[in-house]
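> Show me how the following folds:
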Amino acid sequence: MADPIVEISEATPRAEDAPTSAADVDMGGAGEDEKVDGFDETMPGVGLPEEQKRTTFLDYLRSPIVELVVGSGEDRTVLAAHEGLLIKSPYFANQCATFADGSVPRRIMLPDEDIDAIGSFLEYLYMDEYFPRRAMDGKELERDPTIPEADDSGCALLRHARVYTLADKFGMPQLKSLAHSKIHRTESTARGEIAYARYVYKEMSKEDITIRRPVAAFWATRSHVLRHQAEDDFRAMCLEFPQFGFDVLSLVLDQREKRSAAPEKHHGELATTPGERSVRKRARHI
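Below you'll find the predicted structure:
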C-alpha cells in the first residue's frame, strides 16, 4: 500500500521549530512519579474505555474454581468449573456472588439435575458447542456411536430436551436455541417420539409453545402411520396427558377443515399448503 499523502497546514509544527534541548521542553509541572491522565502502564487495560477491554479465554481459566455437586446418593458426582465461565449464566452468577466474602466453600449443589445435561452445559461454556455437534452443512449432527440405529427409547431426543430445559433454568437463551435446533435434526422411531413427547408434556411449561406445539403437530401429521407402530404407547400417552391428545386432535381437525375447503388436485388427493406440512422435518426410521 502506498504511503498516504499528508497535507501540512500552517498550524502544523515544522521540524525546525522542534525543541532542541530538555530546557526547551515545558513539562507542565508534572513530577517523575506522576501518571498522565491516570494511566498506569504496569496495569494492562487500565485507562482504556470499557468497550476496548477484552476478556481472553486465559482470563476465564485464571478465575477461581467452583465445585458443582450433581445428583445425590450413589449418583452423586463432583465436577469442577471456572467461575469466569459459570457466571455467564444468571443462575450461577447469583450463586457465585455468595462466595465474595470467602466465608463459604466455593460449592454449588445440584441434587436434581441430570449429570449428562450438566456435562453438555459445561461443554457448551468451554467450547461454544456440545456433542453431538452440527455438521459443516448445518443440516445433520455427527454420529453418536452410543445411540442405536433404531432409537426406541428416544435417548437421543431426550438428551437435547434435557439440555433445553437446563438452558431455560440457567438463563442461557443461545444454548436453549442450540438444543432446540438439534431436536429437529435428530432421528428417532415412533416409540422414541412418544418418550420425547412424554418428557415435553411432563417437564416443560405449558406456555412454551415453541417446544410443545411441534410435538403435537408432528403426531397430528403422522398419526395415521406412527400410532400403528406404537399404538399402545400412543394410547397410554393420551390417557396420561389428556392435553396431548387434545392438541393432536385439534390439529387433525384443523387440517381436515383446510383440506375440505381446498380444491382437489386429483381424484382422492387433496391439496396441501405449507402450513400443513410437518413442523419438525427430520428423517424417520419407519
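> Surely Ile163 is in contact with Ser120?
Careful, residue 163 is Val; it's not Ile. Yes. Using Cβ atoms under 8 Å, Val163 is in contact with Ser120, at 4.9 Å. Bear in mind the C-beta positions are built from the backbone N, C-alpha and C, glycine included.
> tell me the contacts of the residue nearest the centre of the chain?
By Cα atoms, centre = their mean, the mean C-alpha position of the chain lies nearest to Leu175, the distance being 0.6 Å. Contacts of Leu175 were listed using Cβ atoms under 8 Å, 6 or more residues apart in numbering, and they are 121, 124, 163, 167.
> ok, back up a step: quick one: which of Val163 and Ser120 has more around it?
Under the criterion of other Cβ atoms under 10 Å, the comparison of Val163 against Ser120 puts Val163 first, with 28 against 23.
> Overlap in contacts, Val163 and Ser120.
Joint contacts of Val163 and Ser120 (Cβ under 8 Å, 6+ apart) are Tyr130.
> top of the contacts of Leu175 by neighbour count?
Val163 (28 neighbours).
> Setting aside sequence neighbours, what's the nearest residue to it?
Among residues not flanking Val163 along the chain, Ala179 sits closest, at 4.2 Å (Cβ to Cβ, 6 or more residues apart in numbering).
> ditto for Ser181
That would be Arg134: by Cβ to Cβ, 6+ apart, it lies 7.7 Å from Ser181.
> and the host helix or strand of Arg212, which residues are buried?
For Arg212, the host element (DSSP states H and E) is helix 209-229. By 16 or more other Cβ atoms under 10 Å, the buried positions in helix 209-229 come out as 211-212, 214-223, 226-227, 229.
> Identify all contacting residues around the helix or strand that it is followed by.
For helix 209-229, the following helix or strand on the C-terminal side (DSSP H and E) is helix 231-240. Here helix 231-240 makes contact (Cβ under 8 Å, 6+ apart) with 190-191, 194, 197-198, 219, 223, 226-227, 244-245, 248.
> still on that earlier bit, so of the contacts of Leu175, which ones are in helices?
Taking DSSP state H as the definition of helices, these contribute 121, 124, 163, 167.
> With His180 as the reference, measure out to the residue nearest to Ser181.
For Arg134, the distance to His180 (Cβ to Cβ, to the nearest Å) stands at 13 Å.
> which stretches of the stretch 151-286 of the chain form helices?
Using DSSP state H, counting those that start in this stretch, the helices found in the stretch 151-286 of the chain span residues 155-170, 173-183, 190-203, 209-229, 231-240, 242-261.
> Show me which residues of the third one are buried.
By neighbour count, and taking 16+ other Cβ under 10 Å as the criterion, the buried residues in helix 190-203 are 190-201.
> before we move on, what about the shortest one?
Of the residues in helix 231-240, those buried by neighbour count under the rule 16+ other Cβ under 10 Å are 233-234, 237-238.
> possible to save the residues you listed as TSV with distance to Ala93 and pLDDT?
Output for the buried residues of helix 231-240, formatted as TSV (distance: Cβ to Cβ, whole Å; pLDDT from 0 to 100):
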residue	distance to Ala93	pLDDT
Asp233	41	91
Phe234	43	91
Met237	38	94
Cys238	42	93
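> Just the element for Leu68, please.
Counting by DSSP H and E, Leu68 is part of strand 65-70.
> Show residues contacting that strand.
Against strand 65-70 from outside (Cβ under 8 Å, 6+ apart): 76-83, 86, 92, 96, 99, 105-111, 113, 115, 118, 122.
> can you rerun that using 6 Å?
Residues outside strand 65-70 that contact it (Cβ atoms under 6 Å, 6 or more residues apart in numbering): 77-81, 83, 86, 106-110, 113, 115, 118.
> Among the residues you listed, which are located in helices?
83, 86, 115, 118.
> Surely Pro132 and Asp144 touch.
Yes. Proximity of Pro132 to Asp144 meets the contact threshold set by Cβ atoms under 6 Å, at 4.8 Å.
> I'd like the ones in helices among the contacts of Leu175 written out as CSV, with distance to Arg185 added.
Supplementary listing: those in CSV, determined by distance: Cβ to Cβ, whole Å:
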residue, distance to Arg185
Phe121, 19
Tyr124, 16
Val163, 14
Ala167, 17
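> Any idea how far stretch 176-191 is from the middle of the chain?
Distance of stretch 176-191 from its chain centroid, counting by Cα atoms, centre = their mean, to the nearest Å, is 13 Å.
> can you give me the end-to-end distance of that stretch?
End-to-end span of stretch 176-191 (Cα to Cα, to the nearest Å): 25 Å.
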